[in-house]
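Whatever this is, show me its structure:
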Amino acid sequence: MKKLVGYITAGVLEDNATQDLVLAMADKGMDSIELGIPFSDPVADGPVIEKASMIALQNGFRFDRAYAITRAISSHIDTLWMGYFNPFYHKGIETVAQKGEAVGLKGLIIPDLPYEEALPYKPLFKKHGISIIDFVAPTDPKSRIEKIIKESEKFIYLVAYAGITGAGKSEDLAAIAAEIKEVSSTPLYVGFGVDKTTAKEKVRHADGVIVGSAFVKILIDEGLTAGQKIDRIAALAGEIKSLINE
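The predicted structure is shown next:
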């Protein structure tokens, strides 16, 4: 069974509605949630997720709310945070690890923390049951890919193309997926540019897909009520989960 990881920016909806949204997505077959931690300079994100971060910050989002949301959902679905290193650093790495474990956090995706810079933090988070997810890209040489994925935990995040999220580019991932699977048995998930029209193709050589902008486009649609957003995003999650397992 191919896996679906969904990304939703915290703070766009009220916390209770965010919780309801994640649980509705889980009911439709989503396997893991990336709870996005809003940041003012989301360098790896395209305009959709960047706008969601701005909305959340304008709504008064504070980092500590991520703990409350995670506590409410983590017993129902595998829960990760996607965020930039600056907020984690300012909260204190040890504090984030301890509090994250207490609320059931299982992983961190930090796109501006390169592999080498993440190494000192991995043992600390591992002690608290939290994995730092490693990224690889089609532009990485084989030697670097092998180095990065040698001890990868939870899953390997294969960036489908060089650039920002939601750009909708396409690259042949067969060769790099084969290289990764030769070296590591850790599940391989493809992210960036994954939506209803691309998910089936992108998962062909992988174990799952990561979908963000397609969900967040609905999340920031000002013409929809919170309830409508929840219904539409959950329905899309169900569609994509079905598509990748056809």
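
Okay, buried residues for the helix ranked longest in the chain please.
Ranked by residue count under DSSP state H, the longest helix found in the chain is helix 226-244. Buried residues in helix 226-244, defined by neighbour count with 16 or more other CB atoms under 10 Å: 226, 229-230, 232-234, 236-238, 240-241, 243-244. Quick note: C-beta positions are derived from backbone N, CA and C, even for glycine.

Among those, pick out the one closest to residue 134, please.
Nearest to residue 134 among the buried residues of helix 226-244 is residue 244, at 21.8 Å by CB to CB.

Identify the residues contacting residue 157.
The neighbours of residue 157, taking CB atoms under 8 Å, 6 or more residues apart in numbering as the test, are 109, 133, 134, 135, 136, 189, 191, 210.

Just among these, which is most surrounded?
Comparing these on neighbour count, residue 210 comes out first with 29 neighbours (neighbours: other CB atoms under 10 Å).

Assign a three-state SS to that residue, would you?
Under the three-state scheme (DSSP: H, G, I helix; E, B strand; the rest coil), residue 210 adopts strand.

which residue sits closest to it, ignoring its sequence neighbours?
residue 191 (3.4 Å; CB to CB, 6 or more residues apart in numbering).

Return the distance of the one you found relative to residue 142.
Going from residue 191 to residue 142 by CB to CB, to the nearest Å gives 21 Å.

Same check on residue 61?
41 Å.

For the two, indicate the residue with more neighbours.
More neighbours surround residue 61 than the other of residue 61 and residue 142, with 20 against 13 (other CB under 10 Å).

Surely the more buried one touches residue 11?
Yes: with the criterion set as CB atoms under 8 Å, residue 61 and residue 11 qualify as a contacting pair; they are 3.2 Å apart.

between the two, what contacts are shared?
Taking CB under 8 Å, 6+ apart as the criterion, residue 61 and residue 11 both touch residue 38.

per-residue confidence for the closest residue to residue 2 other than its chain neighbours?
Nearest residue to residue 2, sequence neighbours excluded (CB to CB, 6+ apart): residue 244, at 4.3 Å. Note on residue 244: pLDDT of 98.

Please tell me I have it right and residue 244 contacts residue 209.
Yes: contact between residue 244 and residue 209 holds when scored by CB under 8 Å: they sit 6.0 Å apart.

Find residues that contact each of these two.
2, 4, 199, 203.

Those residues into TSV, with extra columns for pLDDT?
Rendered in TSV, the data for these read as follows (pLDDT from 0 to 100):
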residue	pLDDT
2	98
4	98
199	96
203	96
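
quick check, nearest of these to residue 176?
Within the set of the shared contacts of residue 244 and residue 209, residue 203 lies nearest residue 176; the separation is 14.3 Å, counting by CB to CB.

Burial check on the closest one, number of neighbours?
The local packing count at residue 203 equals 23, with neighbours defined by other CB under 10 Å.

Who's the closest spatial neighbour of it, skipping the chain neighbours?
Computed as CB to CB, 6+ apart, the closest residue to residue 203 that is not its neighbour in sequence is residue 244, at 4.4 Å.

which residues touch that neighbour?
2, 4, 199, 200, 203, 208, 209.

Downstream of the lengthiest strand in the chain, the next helix or strand is which one?
As assigned by DSSP state E, the longest strand anywhere in the chain is strand 3-9. Along the chain past strand 3-9, the next helix or strand (assigned with DSSP states H and E) turns out to be helix 15-27.
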